[in-house]
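Q: sharing a model that was predicted from the sequence below.
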Amino acid sequence: MRLRLLPLIILFAACAPSFISGTEVPDSKDNRAVYELIRQYAEALRKRDAAAILKLVSPDYHDGSGTPDPSDDVTRETLERSLAIDLSKVEAVALEMGVKKIDVTGDEARAEVFYDAAYRVVTPAGPVAKRPSDLSQMRFRKVKGSWKISSGL
């Protein structure tokens with residue numbers, strides 16, 4: 001009896017969705033591309049490499065910073081002006097990032113990302129240790145066939 005069930009079990013196992021390694025994100029071409037972009041962003045952030053981060057960012061990047069006040073919005077232009085300066089004030093970066101979920105709809109995607117970071121910010125009074133940890137949402141847009149970050153840095 002058990003031997004008759006074996007082909008059925010193999011069939012169901014073969015039909016089960018595969019996931020990106022270490023995640024519960026279904027493995028698809030677009031999900032994998034967005035996942036890889038997040039991985040590249042985390043690596044560039046660890047290295048404090050503003051130029052590498054900017055290569056990953058959409059030309060129409062816009063983040064409202066979660067407030068209704070437009071004065072704290074971040075755009076591609078803002079990043080180009082301030083990212084290198086801001087990163088130069090950070091030292092001893094340790095960062096772990098993970099992806100909980102990716103939703104792709106056409107040429108746009110959203111990812112739920114968690115991070116756990118530790119670093120020091122250089123201030124006039126000396127280095128200040130920071131230890132943020134949070135769950136956040138990143139948005140992506142396909143630009144000329146490649147995924148780019150459009151919000152959520």
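A: That came through fine.
Q: could you find the closest non-adjacent residue to S146?
A: Nearest-residue entry for S146: A33, 7.9 Å, with adjacent residues in sequence omitted and distances by CB to CB, 6 or more residues apart in numbering. Just so you know, the C-beta spots here come from the backbone N, C-alpha and C atoms, and that holds for glycine as well.
Q: and for K142?
A: Nearest residue to K142, sequence neighbours excluded (CB to CB, 6+ apart): D107, at 4.0 Å.
Q: ranges for the helices of the protein?
A: In the chain, the helices defined using DSSP state H lie at 2-15, 29-47, 50-56, 76-88.
Q: pLDDT below threshold where in this protein?
A: Within the chain, the set of residues satisfying pLDDT under 70 comprises 1-17.
Q: pick out the residue closest to the middle of it.
A: Residue closest to the mean C-alpha point of the chain, counted by CA atoms, centre = their mean, is I38 at 3.4 Å.
Q: on that earlier part again, measure the residue nearest to S146 to R48 for me?
A: Using CB to CB, to the nearest Å, we find A33 at a distance of 25 Å from R48.
Q: over to S146?
A: From S146 across to R48, the span is 24 Å (CB to CB).
Q: out of these two, which sits in the busier spot?
A: Summary of the neighbour comparison: S146 and R48, criterion other CB atoms under 10 Å, with R48 having more neighbours (18 against 11).
Q: what's the closest non-adjacent residue to the more buried one?
A: In space, R48 comes closest to L87 once its chain neighbours are excluded; the distance is 4.2 Å by CB to CB, 6+ apart.
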